[in-house]
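# structure for the following, please:
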Amino acid sequence: MIVSTNRSGIALLRAENLRMTAKLAVIAALMFGFGYALVPIYKAICNALGINVLSVAERRSGAGALADVRERPANTQVDRTRVVTIEFDANARGPWDFKPAQRSVQVHPGEVATVMYEFRNMQNRTMAAQAIASFAPMNSAGHFNKIECFCFNEYTLAPGESRQWPVTFYVDAKLPKDVTTITLSYTFFEVGGKVPAAPAGRQAALTGGPRS
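Predicted coordinates for the structure are as follows:
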């Protein structure tokens, strides 16, 4: 009698274990299915709201990444209704060959651009030098933002050494509407000497008067 009761209890326990295992299996399957379904659900939500983060992330990992980059939504920080011409001027105080790689670029306000400047020490001795910047018209200075600039640092060049350094910038979208051209003028001078005045030909422009 006791043996029969024990067998019944064991059978009942096994049955309970099987039912619990079946329940856990069903829960695991449901959780897996829900997780799998989240991807298309998330895509549908993103498409409905105009958010394309997941799609862009997927495209980046694909073979057509470069083509897909061109399909990304435009940067809303860039004002494409306006074009500003940036002119680059270079003045050397001393035996330097100093010039921009290009004389001007056209950018939209908010658009980041990079222009290289070329430097060469024409002396037969090592020289340390630095650049200072000025702007015309003067009210554009507060709207011209340099992200990276050779003017932030002092440089040492060996005799005859040539180097290239960038200026990376963007024009603030709050630039006055009547400003369509900005002249960025750099003066490169030997460190330790007197900081030079602006070039005579640019003085009127830098003070807001008629440009030469």
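# check contacts around the spatially closest residue to T181 that is not a sequence neighbour.
Excluding its sequence neighbours, the residue lying closest to T181 (CB to CB, 6 or more residues apart in numbering) is T85, at 4.6 Å. C-beta coordinates here come from the backbone N, C-alpha and C atoms, glycine included. For T85, the contact set (CB atoms under 8 Å, 6 or more residues apart in numbering) comprises 104-106, 180-182.
# can you flag the buried ones in those residues?
105, 182 (16 or more other CB atoms under 10 Å).
# ok, which pair from the contacts of T85 is furthest apart?
Largest separation among the contacts of T85 by CB to CB: V105 and T180, giving 13.5 Å.
# next one: the residue nearest to T181, what pLDDT does it get?
If you check T85, the pLDDT there is 96.
# Three-state assignment for it, please.
Following DSSP: H, G, I helix; E, B strand; the rest coil, T85 is assigned to strand.
# just to revisit the earlier point, and which of the contacts of T85 is nearest to V112?
Scanning those for proximity to V112, where the rule is CB to CB, the winner is V105, at 11.5 Å.
# tell me the phi and psi of the closest one?
phi -140, psi 160 (degrees, to the nearest 10).
# quick one: contacts for it?
With CB under 8 Å, 6+ apart, V105 has these contacts: 85-86, 113, 115.
# on that earlier part again, the residue nearest to T181 pairs with what?
Q106, T181 (DSSP bridges).
# top of the contacts of V105 by number of neighbours, please.
Neighbour tally across the contacts of V105 (other CB atoms under 10 Å): the maximum, 21 neighbours, falls on I86.
# what separates that one from A133, distance-wise?
12 Å (CB to CB, to the nearest Å).
# tell me, what's touching those two both at once?
L184.
# which neighbouring elements make contact with the host helix or strand of Y170?
Taking DSSP states H and E as the definition, one finds Y170 inside strand 162-171. The helices and strands touching strand 162-171, judged by 3 or more CB pairs under 8 Å, 6 or more residues apart in numbering; DSSP states H and E, are strand 84-93, strand 113-121, strand 144-149, strand 155-157.
# ok, residues contacting it?
Identification of contacts with strand 162-171 by CB under 8 Å, 6+ apart yields 84, 86, 97, 101, 107, 109-121, 140, 143-151, 155, 157, 182, 184.
# do that again at 7 Å, thanks
Residues from elsewhere that reach strand 162-171 (CB atoms under 7 Å, 6 or more residues apart in numbering): 84, 107, 109-120, 143-150, 157, 182.
# what's the ChimeraX syntax to select whichever of these are buried?
The buried residues among the contacts of strand 162-171 can be selected in ChimeraX (16+ other CB under 10 Å) with this line:
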select :84,107,109,110,111,115,117,119,120,143,144,149,150,157,182
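# mind jotting down where the helices sit in this protein?
2-49, 53-60, 65-69, 203-206 (DSSP state H).
# would you list the contacts of T85 in CSV and tack on pLDDT and distance to A173?
Supplementary listing: the contacts of T85 in CSV, determined by pLDDT from 0 to 100; distance: CB to CB, whole Å:
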residue, pLDDT, distance to A173
S104, 95, 20
V105, 95, 17
Q106, 96, 16
T180, 95, 14
T181, 96, 17
I182, 96, 14
